[in-house]
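Engineer: What follows is a predicted structure for the sequence shown.
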Amino acid sequence: MPGVNATLVLVLSLIGVFVFGLSGGMAGVRAQLDLFGAMLLAVVVGIAGGTIRDVLIGIPPATFRDWRYLAVAGGAGLIAPFAHPAIARLQRWIDVLDAAGLGLFCVVGADTALAHHLGFADCVILGMITAIGGGILRDVLVREVPAILRGGFYAIPALCGALIVVTAYRAGSHSIAFPIVGAVVCFLMRIAGMRYGLGLPSAAEVADRGLRR
Amino acid sequence: MPGVNATLVLVLSLIGVFVFGLSGGMAGVRAQLDLFGAMLLAVVVGIAGGTIRDVLIGIPPATFRDWRYLAVAGGAGLIAPFAHPAIARLQRWIDVLDAAGLGLFCVVGADTALAHHLGFADCVILGMITAIGGGILRDVLVREVPAILRGGFYAIPALCGALIVVTAYRAGSHSIAFPIVGAVVCFLMRIAGMRYGLGLPSAAEVADRGLRR
Amino acid sequence: MPGVNATLVLVLSLIGVFVFGLSGGMAGVRAQLDLFGAMLLAVVVGIAGGTIRDVLIGIPPATFRDWRYLAVAGGAGLIAPFAHPAIARLQRWIDVLDAAGLGLFCVVGADTALAHHLGFADCVILGMITAIGGGILRDVLVREVPAILRGGFYAIPALCGALIVVTAYRAGSHSIAFPIVGAVVCFLMRIAGMRYGLGLPSAAEVADRGLRR
């Protein structure tokens, strides 16, 4: 992202990776993994989004090559079981940080795809994948149907955030304003979604309604 | 595929992606995903085979970069819940289209691998993966043991179709006849498999028989 | 690995792939796959570790391109159901071979990563992934929470083996002694782990203890 303070993006990204890692570690507790398994799961959740993005772009996965991401995600996975009661108590604040990570990652992901000259739809989708890929892989590994696909207004905010970045960039604006707007919009949509229980109807519900007609 | 009308291949591929997307959307209905989750699952099913193939070849995934594939697969995933009763009624015809997609994709996949000078076994397997990868990932995401691995004569027709294409190419024929034969053989094997309930014995059955001896 | 007999490494690797393939075939029996599904699962278990490693490094997956790996893994998957009682009887010896494969693969994986100039942490993790990736994917495909993440002292020996190789290499030693030491240490740790039931506490246990305090 030209014009953005690289250190700031790194710090924010590491916070996002930490929170995603916590969610991986907590899933490891629920799935009866051992301590090392919980740590590995946390690393997967922390870096999978960026890694899948880079593999789909066709470049060596950068997230994976930065030991700070690995360390922060693994650390979160180790902390999660030990600080389990504290984390449960702070769940509300962790959800807020998670929403911030979502906003940041969809923007960083879209930006990375734009820098590699991918198509409009690809850049938007890669932004979303960067933000939600880790959470989907987390649920698959602990044998749950991915929560992100079941509801909860998580993927759509990420899609919208990426859409704002890509649209502005394609319209010719390289200003830093739009990535910030994209991240904030995604963050606020996610927060509003949690606060007011927003979400799309389930596909099964829609199908049933069709059957009853 | 030299000598093949590119538009024809594209149209056929998009039909295949559409039908694969429908199967993803229907799986989303069964797994209680929300509408957006069903759409995402449809996209995964529609493009995963080609994407895994390209990642294994070591080239940027082409399927992913073509927005038409994304749009058609996502559209199928959105239609699936709304047209659920109609789709259930038309299941027989959708199975036929699915078999056609299987035939087409195993041939296109093998051809792509041949164009990148991979070994004989790799090209055959990549043809099969192109055809069955999406269906396997679909089942993993909705937490089912992949139906394709459990039976039903699905992977073997894809393997045979790819085998025909690769054998002919390696024998020196670059005629378009063999890809067509490969696709048709795969299609007919699949149709015959459904019609007559063909399939291999289950591994557990074979193991039990060994135990009783 | 400079200075190592390439044929020896190949033979050992193929033995490792065969044993991993057997574990895939046996999982296929348990999961009620058909014979071809069990074979496919065996191939996945046999080559997935090396394939994921290469994709994460950003090079075309070499394991996948060597038909001998595919043939040996697939053969193991076909043998597994037919030789099920014999395999069950020989389980103790198969566990020993599996430990040997673990030791070999973590060293080969770390070595491949070192040859591509990745960072310290990456090389260690890629060594571990080469050794445990196939087993994790196996469990995901048959819808089990990966056993490797749940306990059993499997990932940590692989991590230690890779750590030895990478540390020695980075300290300037290109001697073949350290890869051998790494593989042997990993092998012995795994054997000792099975013999004495070593393992880390489960994350859930740790979390519960925190709650009771």
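Structural biologist: That came through fine. Numbers count the residues shown, from 1 in each chain, chains lettered A, B, ... in the order given.
Engineer: and A:P201, what are its phi and psi?
Structural biologist: When read as degrees, to the nearest 10, the backbone of A:P201 gives phi -60, psi 160.
Engineer: wait, isn't it in contact with B:D34?
Structural biologist: Yes - contact criterion Cβ atoms under 8 Å: A:P201 and B:D34 qualify, at 6.8 Å. Quick note: C-beta positions are derived from backbone N, CA and C, even for glycine.
Engineer: So which of those two has more stuff around it?
Structural biologist: Remark: of A:P201 and B:D34, B:D34 carries more neighbours, 27 against 12, as counted by other Cβ atoms under 10 Å in any protein chain shown.
Engineer: give the contact list for the more buried one.
Structural biologist: A:149-151, A:199-203 (Cβ atoms under 8 Å, 6 or more residues apart in numbering or on different chains).
Engineer: For PyMOL, what selects the buried ones among the residues you listed?
Structural biologist: Buried members of those, defined by 16 or more other Cβ atoms under 10 Å in any protein chain shown, are picked up in PyMOL with:
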select buried, chain A and resi 149+150+151+199+200+202+203
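Engineer: Filter the contacts of B:D34 to keep only those in contact with chain B.
Structural biologist: The subset of those within reach of chain B, by Cβ under 8 Å from any Cβ of the partner chain, is A:149-151, A:199-203.
Engineer: Include pLDDT and distance to B:R170 when you put those residues into CSV, please.
Structural biologist: Converted to CSV, those look like this (pLDDT from 0 to 100; distance: Cβ to Cβ, whole Å):
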residue, pLDDT, distance to B:R170
A:L149, 92, 42
A:R150, 89, 46
A:G151, 84, 50
A:G199, 86, 53
A:L200, 90, 49
A:P201, 89, 52
A:S202, 91, 49
A:A203, 91, 45
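Engineer: And these, which two are furthest apart?
Structural biologist: A:L149 and A:P201 (13.9 Å; Cβ to Cβ).
Engineer: Flag every residue of chain A that's near chain B.
Structural biologist: Within chain A, the positions adjacent to chain B are A:55-58, A:118-122, A:125, A:136, A:140, A:143-146, A:148-151, A:155-156, A:199-204, A:206-207, A:210-211 by Cβ under 8 Å from any Cβ.
Engineer: Show me these that map onto helices.
Structural biologist: Among the residues of chain A next to chain B, the ones falling in helices (DSSP state H) are A:55-57, A:120-122, A:125, A:136, A:140, A:148-150, A:155-156, A:203-204, A:206-207, A:210-211.
Engineer: which among those residues are in contact with chain C?
Structural biologist: By Cβ under 8 Å from any Cβ, the members of those lying near chain C are A:55, A:140.
Engineer: Go through the ones next to chain B among the contacts of B:D34 and say which is closest to chain C.
Structural biologist: A:L149 (16.2 Å; Cβ to the nearest Cβ).
Engineer: Buried ones in whichever strand or helix holds A:I129, by neighbour count?
Structural biologist: Applying DSSP states H and E as the criterion places A:I129 in helix A:120-141. Residues of helix A:120-141 classed as buried: A:121-141 (neighbour count, 16+ other Cβ under 10 Å).
Engineer: same deal with stretch A:90-98?
Structural biologist: Within stretch A:90-98, the residues scored as buried using 16+ other Cβ under 10 Å are A:94, A:96-98.
Engineer: ok, now stretch A:49-69?
Structural biologist: By 16+ other Cβ under 10 Å, the buried positions in stretch A:49-69 come out as A:49-58, A:60-61, A:63-66, A:69.
Engineer: Low-confidence regions, chain A specifically.
Structural biologist: Flagging of chain A using pLDDT under 70 yields the residue ranges A:1-5, A:211-213.
Engineer: For it, just list every one of the helices.
Structural biologist: Counting by DSSP H, one finds helices in chain A at the ranges A:6-30, A:35-57, A:62-65, A:67-82, A:84-89, A:91-115, A:120-141, A:147-150, A:155-170, A:177-196, A:203-212.
Engineer: can I get these in a markdown table with distance to B:I191?
Structural biologist: Formatted as a markdown table, the helices of chain A follow (distance: least, Cβ to Cβ, whole Å):
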| stretch | distance to B:I191 |
| --- | --- |
| helix A:6-30 | 43 |
| helix A:35-57 | 34 |
| helix A:62-65 | 44 |
| helix A:67-82 | 48 |
| helix A:84-89 | 54 |
| helix A:91-115 | 40 |
| helix A:120-141 | 32 |
| helix A:147-150 | 32 |
| helix A:155-170 | 37 |
| helix A:177-196 | 45 |
| helix A:203-212 | 27 |
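Engineer: so which of those helices comes closest to B:I15?
Structural biologist: By Cβ to Cβ (comparing all of these), the closest turns out to be helix A:120-141, at 19.8 Å.
Engineer: mind saving the C-alpha coords of that closest one as CSV?
Structural biologist: In CSV, the C-alpha atoms belonging to helix A:120-141 read as follows (Å, rounded to 0.1, in the frame of the first residue of the first chain):
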residue,chain,number,x,y,z
PHE,A,120,-11.4,-7.0,-10.6
ALA,A,121,-13.4,-10.0,-9.3
ASP,A,122,-10.2,-11.9,-8.3
CYS,A,123,-8.9,-9.0,-6.3
VAL,A,124,-12.1,-8.6,-4.4
ILE,A,125,-12.4,-12.4,-3.7
LEU,A,126,-8.7,-12.6,-2.7
GLY,A,127,-9.3,-9.8,-0.2
MET,A,128,-12.1,-11.8,1.3
ILE,A,129,-10.2,-15.0,1.3
THR,A,130,-7.3,-13.4,3.1
ALA,A,131,-9.7,-12.4,5.8
ILE,A,132,-11.8,-15.6,6.1
GLY,A,133,-9.5,-18.4,4.9
GLY,A,134,-7.9,-19.0,8.3
GLY,A,135,-11.2,-19.3,10.0
ILE,A,136,-12.6,-21.8,7.4
LEU,A,137,-9.5,-24.0,7.6
ARG,A,138,-9.7,-23.9,11.5
ASP,A,139,-13.2,-25.3,11.4
VAL,A,140,-12.3,-28.0,8.8
LEU,A,141,-9.4,-29.2,10.9
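Engineer: where does chain A come near chain C, residue by residue?
Structural biologist: So chain A meets chain C at A:25, A:28-38, A:40-41, A:43, A:51, A:55, A:59-61, A:64-65, A:67, A:70-71, A:80-85, A:140-143 (Cβ under 8 Å from any Cβ).
Engineer: what do you get if the cut-off is 6 Å, keeping everything else the same?
Structural biologist: Contact residues, chain A versus chain C (Cβ under 6 Å from any Cβ of the partner chain): A:28-29, A:31-38, A:60-61, A:64-65, A:67, A:70, A:81, A:84-85, A:142-143.
Engineer: Filter those residues down to the buried ones, ChimeraX style.
Structural biologist: Command for ChimeraX that selects the buried part of the residues of chain A next to chain C, burial taken from 16+ other Cβ under 10 Å:
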select /A:28,29,31,32,33,34,35,36,37,38,60,61,64,65,70,81,84,142
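Engineer: Setting the sequence-adjacent residues aside, check what's closest to A:I125.
Structural biologist: The shortest distance from A:I125 to any non-neighbouring residue, by Cβ to Cβ, 6 or more residues apart in numbering or on different chains, is to B:L70 (6.8 Å).
Engineer: now swap in A:M194 and tell me
Structural biologist: Computed as Cβ to Cβ, 6+ apart, the closest residue to A:M194 that is not its neighbour in sequence is A:D95, at 6.1 Å.
Engineer: and what of A:L102?
Structural biologist: Of all residues not flanking A:L102 in the chain, A:A131 sits nearest, at 5.0 Å (Cβ to Cβ, 6+ apart).
Engineer: surely the one you found meets A:V107?
Structural biologist: No - the criterion here is Cβ atoms under 6 Å, and A:A131 misses it with A:V107 at 8.7 Å.
Engineer: is it true that A:C106 touches A:I129?
Structural biologist: No - taking contacts as Cβ under 6 Å, A:C106 lies outside contact range of A:I129: 9.0 Å.
Engineer: what is in contact with the two at once?
Structural biologist: Here A:C106 and A:I129 share no contacting residue, scored by Cβ atoms under 6 Å, 6 or more residues apart in numbering or on different chains.
Engineer: any idea how far A:V17 lies from chain C?
Structural biologist: Using Cβ to the nearest Cβ, to the nearest Å, we find A:V17 at a distance of 14 Å from chain C.
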